[in-house]
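Visitor: Give me a model of this one.
(2 chains)
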Protein chains: 2
Amino acid sequence: MKLTPRQQEIVRLVKEGQPVTSEALASKLGVTRAALRPDLAILTMIGVLDARPKVGYIYSEKPSTSLVYDYISKIRVKDIMSKPVTVNEETMVYDAIVFLFLNDVGTLFVENNGILTGAVSRKDFLKIAIGGTDIHKVPIGVIMTRMPNIVCVSQEDSVYDVAEKIISHEIDSIPVVEKSVGMDGKEHFKIMGKVSKTNITKLFVKLGKGQ
Amino acid sequence: MKLTPRQQEIVRLVKEGQPVTSEALASKLGVTRAALRPDLAILTMIGVLDARPKVGYIYSEKPSTSLVYDYISKIRVKDIMSKPVTVNEETMVYDAIVFLFLNDVGTLFVENNGILTGAVSRKDFLKIAIGGTDIHKVPIGVIMTRMPNIVCVSQEDSVYDVAEKIISHEIDSIPVVEKSVGMDGKEHFKIMGKVSKTNITKLFVKLGKGQ
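Guide: Numbering: from 1, shown residues only, chains lettered A, B, ... in the order given. The predicted model follows:
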């Protein structure tokens, strides 16, 4: 956003002599108070100026974070999620690692007929790989984090909530699931996608590009 | 940001009958055009409405991305970077992996008297760990990515540029360096910090919290 020359001049005047009343600003700029109203409303709204009743305008260091917040909180998981890479529980750890590299992802999700049963990260793989285990003979079901111990999100969640879960639970990638009730009457979670730190970083780049 | 009741009413009227002139809006709301000017200026500025000369106002789907862009492009690397975890070239791969886990990071940087010489990611470690090499006998200098083949940033770079480098070069963590000229007259890079996808995700959470 570019401030107009008059808005920039207002900011300069306020910085110089804060607090400054709108009367003082109007007289310095040689215009009426009514003419200044739109500019002052905008500068206050985007957080460049702070209006103190009966005191005047002061310069505020904090930028327009509330607008940023508003914008971010409107973006949904489904807008940025990507395709999950999945294996099944019987896959041997070695084969799973090869699969991880071939797909160039950081986390594999484990599924059984589309139902999420587990997750294994690069960190889990590295741990087992240096442990002296024969990774050709151990299936992934032995080392994976198993449901319900996996943090999940749904497609309608806000991206902001997902980012917070990623940070607070210290995970790299979150599965996006849809709840369904199976033939056995139990709740299941179908895996629909994933959101990783990479997706968040990509979104950040997009925001920065103004797209 | 919360729109005022009148601003919401304006948006509703424009959505209903776009394009709508400011005269029409003023008469529908029973106020003067001058009284509407601040509201229309704000709604146009934040991108909710689009003003078409000689046509009127139309509703614009695109939100205030330019403000978001402005805000993001002001954040510098030094505002979000964290401490790098470093080892030296002689460290054996196995010991380096243990060190990686103890520090709970994804990438180790390799230094020699504070000068960045290399970097090794969890991915590099996993590759060597499944390769049948005796990782107790191979020093990290053998497997690391060596300078000048490492993408670096400086403290004054914008966070947006860093995020873009992380995505375009497909890396997890970027070293933050400071150029200096050594006794030998050669350029060196002192390692000052690092920025990872985790730092970007944390910043995202902070933006979402409006901090």
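Visitor: which regions of chain A lie under the pLDDT threshold?
Guide: Along chain A, the model assigns pLDDT under 70 to residues A:1-2, A:61-68, A:70, A:210-211.
Visitor: where exactly do the strands run in it?
Guide: Using DSSP state E, the strands assigned to chain A run over residues A:49-52, A:56-59, A:86-87, A:107-112, A:115-121, A:145-146, A:173-181, A:187-196.
Visitor: any idea how far chain B is from the residue nearest to residue A:157 when sequence neighbours are not counted?
Guide: Excluding the flanking residues, the one nearest residue A:157 by Cβ to Cβ, 6 or more residues apart in numbering or on different chains is residue A:77, at 4.8 Å. Where C-beta positions appear, they are placed from N, C-alpha and C, glycine not excepted. Here residue A:77 is placed at a distance of 14 Å from chain B (Cβ to the nearest Cβ, to the nearest Å).
Visitor: correct me, but residue A:77 touches residue A:156?
Guide: Yes - Residue A:77 is within contact range of residue A:156, at 7.0 Å (criterion: Cβ atoms under 8 Å).
Visitor: which one of those two has more residues nearby?
Guide: Just comparing residue A:77 and residue A:156: by other Cβ atoms under 10 Å in any protein chain shown the higher neighbour count belongs to residue A:77, 22 against 9.
Visitor: what's the more buried one in contact with, if anything?
Guide: The neighbours of residue A:77, taking Cβ atoms under 8 Å, 6 or more residues apart in numbering or on different chains as the test, are A:153, A:154, A:155, A:156, A:157, A:158, A:159, A:162, A:176, A:193, A:195.
Visitor: Return the distance of it relative to residue B:130.
Guide: With distances taken as Cβ to Cβ, to the nearest Å, residue A:77 is found 33 Å from residue B:130.
Visitor: ok so, going back, so for chain B, which of the strands of chain A sits nearest?
Guide: Closest approach to chain B among those is made by strand A:187-196 (8.1 Å; Cβ to the nearest Cβ).
Visitor: helices or strands next to the closest one in the packing?
Guide: Here strand A:187-196 touches helix A:77-80, strand A:107-112, strand A:115-121, helix A:159-168, strand A:173-181, going by 3 or more Cβ pairs under 8 Å, 6 or more residues apart in numbering or on different chains; DSSP states H and E.
Visitor: With distance to residue B:36 added, can I get these in JSON lines?
Guide: Below are the helices and strands packed on strand A:187-196 laid out as JSON lines (distance: least, Cβ to Cβ, whole Å):
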{"stretch": "helix A:77-80", "distance to residue B:36": "34"}
{"stretch": "strand A:107-112", "distance to residue B:36": "52"}
{"stretch": "strand A:115-121", "distance to residue B:36": "53"}
{"stretch": "helix A:159-168", "distance to residue B:36": "33"}
{"stretch": "strand A:173-181", "distance to residue B:36": "43"}
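Visitor: coming back round to it: would you list the strands of chain A in CSV and tack on mean neighbour count?
Guide: Conversion of these to CSV gives the following (neighbours: other Cβ atoms under 10 Å in any protein chain shown):
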stretch, mean neighbour count
strand A:49-52, 18
strand A:56-59, 19
strand A:86-87, 21
strand A:107-112, 21
strand A:115-121, 22
strand A:145-146, 14
strand A:173-181, 19
strand A:187-196, 20
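Visitor: residue contacts, the residue nearest to residue A:147 when sequence neighbours are not counted?
Guide: Of all residues not flanking residue A:147 in the chain, residue A:117 sits nearest, at 5.7 Å (Cβ to Cβ, 6+ apart). For residue A:117, the contacting residues are A:89, A:110, A:111, A:144, A:146, A:147, by Cβ under 8 Å, 6+ apart.
Visitor: Quick check: the gap between the last one and residue A:127.
Guide: To tie it back to what came earlier, the one meant is residue A:147. From residue A:147 across to residue A:127, the span is 20 Å (Cβ to Cβ).
Visitor: go on, the fourth one?
Guide: Between residue A:144 and residue A:127 the distance is 12 Å, computed by Cβ to Cβ.
Visitor: Same check on the first one?
Guide: Residue A:89 sits at a distance of 18 Å from residue A:127 (criterion: Cβ to Cβ).
Visitor: Show me how chain A divides into domains.
Guide: Split into domains by automatic domain parsing, chain A comes to A:5-63, A:72-209.
Visitor: Endpoints of the last one, how far apart?
Guide: Put plainly, it is domain A:72-209. Chord length of domain A:72-209, first to last residue, is 14 Å (Cα to Cα, to the nearest Å).
Visitor: Report the distance from that domain to the chain centre.
Guide: Centroid separation for domain A:72-209 versus its chain: 16 Å, with Cα atoms, centre = their mean, to the nearest Å.
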